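A.B. asks: When you get a sec, could you give me coordinates for this:
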Amino acid sequence: MPIVVTGSIATDHLMHFPGKFVDSLLPDQLHRVSLSFLVDDLVVRRGGVAANICFGMGLLGVGPVLLDAVGADFDDYASWLQRHGVDTSHVHVFADVQTARFVCTTDDEMNQIGSFYAGAMARSREIEIAPVAAAVGAIDLVMISAGDPAAMVRHAEECRQRGYTFAADPSQQLARMEGSDAAKLVTGAELWFSNDYELGLLLSKTGWTEPQFMEQIGHRITTLGSKGVDIVASDGSRLHVPVVPELAKVDPTGVGDAFRSGFVAGRYRGLSFERSAQLGSLMATLVLETIGTQEYAFDPAVAVLRMADCYGQDAATDIAKAMGFATV
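C.D. replies: Numbers count the residues shown, from 1 in each chain. From the prediction side, this is the model:
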C-alpha cells in the first residue's frame, strides 16, 4: 500500500542583480515605480513541499504517489521525479495554466523582489483521493502537506469520511488559514507535523489548549531547528531526538520537507517513532548541506556511518535493516 502525498508542486526562478535596488528607487516617485533590472544569473530549481517530500522518499526506496495540480509545463519536472522513484501518474495537469512558480531577484545587499504565482495549485481543491485508492488498491497514509488551503481542508474531510489514515502538515500555510479551517485539517490526523512556532500559532487560532489539541490527533511531531524534534503522543508519552550534526550550513530551504520524507518513510518500513525521527534528521541535515531542495544525494553506506556516529550503532543497524541499507 503506497503513501499518497498532497501539497504544492512548484519551481523557483532565482536571479541575481549585481547592484542595489535602492540606487534605482526615487523616494518621491514610489507611487509610480516602473523598473527593469538586468540580472547576471538565473537558477531554476525544482520545489514545492509535496514534491520535495516525495523526492526524499523516492531516494529512500519508498515509492510515494504524488497527488496535486500542475500546469502545461510539468513534463520535465515529472520526468525528474519519476527517475527518482516518485509515481507522478496521478498528478492532475491543467493545460490552461502554468505550474506554481516563485520568481525572485536578489541584489548585492540581499534585498529581494519576488512574486509567487499559484497557477495550477489553486485548482488542487478540485482533486479527490478516492480514484487514487481505487487505482492502487489501498492507501497506507495520506500526507496532507502545505498547498492550497481549501484543498488541504477538503483532503482531510475526505480522509475522515473514507477512513484513510492521514497526516496533517500545513507548514507556512497555517498563517493563511482561519481557526475553524485549521481545526478541520487537524481533527482525526494520526500525525501532525509543525515547528514550535506553528504549534503555538495553531493553538492561538483554534483557541485550544495543548491537551485539547492532543485529543484531536494521534501524535504531534514538533521540529525545533538545531535543538532536534519532540514527538508527543495523545496519551502524554513523549521523546526527544537530537539532530545529526551538519558538515556545513549551506541552505536551510527544504530542511523540514526532507525531515518529513525520512520520518514517514521510516514509519512506512516499520521503524519506531524514535528511529524514524533519526532517519528524518539525517535527511534534513543532507539538505542543509546542499543548495537546493532536491539537489542532494543519498549514499546508504555514508548514511549508516553518520547515524552510528550520532545515535549509536544499534540505531544505525535498526534503520539500515528496515530500510534495506548495507550495514557496516
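
A.B. asks: residues contacting residue 66?
C.D. replies: 5, 9, 50, 51, 54, 81, 86, 87, 88, 90, 91 (Cβ atoms under 8 Å, 6 or more residues apart in numbering). C-beta here means a position set from N, CA and C on the backbone, and glycine is covered the same way.

A.B. asks: Now intersect those with the strands, please.
C.D. replies: residue 5 (DSSP state E).

A.B. asks: Among the contacts of residue 66, which are located in helices?
C.D. replies: 50, 51, 54, 81 (DSSP state H).

A.B. asks: Need the nearest residue in space to the last one, chain neighbours excluded.
C.D. replies: Going back to what we said before, that points to residue 81. residue 88 (5.4 Å; Cβ to Cβ, 6 or more residues apart in numbering).

A.B. asks: ok, now the second one?
C.D. replies: Of all residues not flanking residue 51 in the chain, residue 9 sits nearest, at 4.7 Å (Cβ to Cβ, 6+ apart).

A.B. asks: which secondary structure elements does the helix or strand of the chain with the lowest mean pLDDT contact?
C.D. replies: Between all helices and strands in the chain, the lowest mean by mean pLDDT, DSSP states H and E belongs to strand 112-117, at a mean of 82. For strand 112-117, the packing partners by 3 or more Cβ pairs under 8 Å, 6 or more residues apart in numbering; DSSP states H and E come out as strand 100-106.

A.B. asks: tilt between the strand it packs on and strand 112-117?
C.D. replies: 170 degrees (axes from the mean of the first three to the mean of the last three Cα atoms, to 10 degrees).

A.B. asks: Go through strand 100-106 and flag the buried ones.
C.D. replies: Judged by neighbour count (16 or more other Cβ atoms under 10 Å), strand 100-106 contains these buried residues: 100, 101, 102, 105, 106.

A.B. asks: Of the residues you listed, just say which sits nearest to residue 265.
C.D. replies: residue 100 (24.7 Å; Cβ to Cβ).
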